[in-house]
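Peer 1: Following is a predicted model, sequence given first.
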Amino acid sequence: MDGQSCYRFTRAIARTPGDSCVDGLRNQESGAPDPDRFRNQHRVYLDVLVRAGVDVTVLPPDEDFPDSVFVEDTALCLPEGAVVLRPGAPSRRGETAAIEPVLQQHFDGEVRFLPPDGQVDGGDVLVTEREVLIGVSSRTSAAGASSLKTILEHWGYPTRITHSPGSVLHLKSDCASLGCGIVLSTPRLVASGLFEEYLVIQVAEGEDAAANALRVNDTIIMAEGYGQTAEALDALALPIEQVPNSEAARLDGGLSCMSLRF
Ligand code: CIR
């Protein structure tokens, strides 16, 4: 596998949040997102992706699917091929039907499908330069993780199946791969021993939500409002873009969730 494929991207797919985002799934009731504010914040996010060097295909809102802004959960894109996934939440299952033709059009490579006996959300898949980690969670089943592992190993990716922390939605709610053997992680995920082979930057106390950051080419994108973690990331000497994420966060969404990158 290519050592930079976890952060070198030229293309991305995103979807504008619709008005129906107010009905999006959420673990804790912190109020529904405001659709207009969400769209404004989403625009800032898209601008940052473009500035980071990515050509973004922006799909229109899909009002039938309140969580469809979180396109990351529908597919996994790697240089060797893409896998159309099967999101674990029944209300999200239909989102993949709209993503598949977009991938067929824009992704240069083989497009495969997760077999129907399991579920995987893209938010539970962490790609680093040395392996792929799949977290079994309330959305990603053991059968889904195992099927995805088979596909990824066929493409030459060492793949480890683990468990996403119980208190969060997805594995990547708690971590991000920053390239060069470095991960950003919450202390609870570090304590699980998952990242023993990595250089770990821990998010600051009280800043767990900063862990879902994103490296795109030479830019680190993180949610605004997590100053101590931003300071810790300064050690990487890469530009850091801090974007407003309050509305996605109301639906347990972070920054990786809102694009498919390849
Ligand atoms: C959900 O519960 O599925 C959405 N409200 C949030 C999905 C966030 N996606 C991600 O972390 N990859």
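Peer 2: Yep, that arrived.

Peer 1: Nearest residue to the residue of the stretch 101-250 of the chain found nearest the ligand in space, ignoring adjacent ones along the chain?
Peer 2: Minimum separation of the stretch 101-250 of the chain from the ligand (C-beta to the nearest ligand atom) falls at G123, amounting to 2.5 Å. C-betas here are computed from N, CA, C, even on glycine. Nearest non-adjacent residue to G123, counting by C-beta to C-beta, 6 or more residues apart in numbering: H170, 3.2 Å away.

Peer 1: ok, now E110?
Peer 2: G81 (3.9 Å).

Peer 1: need the contact list for the residue nearest to G123.
Peer 2: By C-beta atoms under 8 Å, 6 or more residues apart in numbering, H170 lies in contact with 121, 123-124, 135, 137, 139-140, 164, 257.

Peer 1: I'd like those written out as CSV, with secondary structure added.
Peer 2: What follows is the contacts of H170, written out as CSV (DSSP: H, G, I helix; E, B strand; the rest coil):
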residue, secondary structure
D121, coil
G123, helix
D124, helix
G135, strand
S137, coil
R139, coil
T140, coil
S164, coil
C257, helix
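
Peer 1: among those, which one has the lowest pLDDT?
Peer 2: On pLDDT alone, S164 ranks lowest of the contacts of H170, at 92.

Peer 1: Give me the buried positions along the longest helix seen in the chain.
Peer 2: As assigned by DSSP state H, the longest helix anywhere in the chain is helix 35-51. By neighbour count with 16 or more other C-beta atoms under 10 Å, helix 35-51 contains the buried residues 35, 38-39, 41-42, 45-46, 48-49.

Peer 1: May I see those residues arranged in JSON lines, with distance to the ligand and pLDDT as well?
Peer 2: Putting the buried residues of helix 35-51 into JSON lines (distance: C-beta to the nearest ligand atom, whole Å; pLDDT from 0 to 100) gives the following:
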{"residue": "P35", "distance to the ligand": "14", "pLDDT": "98"}
{"residue": "F38", "distance to the ligand": "12", "pLDDT": "98"}
{"residue": "R39", "distance to the ligand": "16", "pLDDT": "98"}
{"residue": "Q41", "distance to the ligand": "15", "pLDDT": "98"}
{"residue": "H42", "distance to the ligand": "13", "pLDDT": "98"}
{"residue": "Y45", "distance to the ligand": "14", "pLDDT": "98"}
{"residue": "L46", "distance to the ligand": "17", "pLDDT": "98"}
{"residue": "V48", "distance to the ligand": "18", "pLDDT": "98"}
{"residue": "L49", "distance to the ligand": "16", "pLDDT": "98"}
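
Peer 1: re earlier: ok, the residue of the stretch 101-250 of the chain closest to the ligand touching T74?
Peer 2: No: the pair G123 / T74 is not scored as a contact, 10.4 Å apart, by C-beta atoms under 8 Å.

Peer 1: picking that back up, following the chain onward from the longest helix of the chain, which element is next?
Peer 2: strand 55-59 (DSSP states H and E).

Peer 1: relative to helix 35-51, how tilted is that next one?
Peer 2: Angle of strand 55-59 versus helix 35-51, following axes from the mean of the first three to the mean of the last three C-alpha atoms, to 10 degrees, is 160 degrees.

Peer 1: Which positions in strand 55-59 come out as buried?
Peer 2: Going through strand 55-59 with 16+ other C-beta under 10 Å, nothing comes out buried.

Peer 1: ok, now stretch 77-90?
Peer 2: Applying 16+ other C-beta under 10 Å to stretch 77-90 flags 77-78, 80-88 as buried.

Peer 1: how about the residues of this protein that lie near the ligand?
Peer 2: Contact residues, the chain versus the ligand (C-beta under 6 Å from any ligand atom): 24-26, 67, 70, 72-73, 89, 92, 122-123, 169-170, 173, 251-254, 257.
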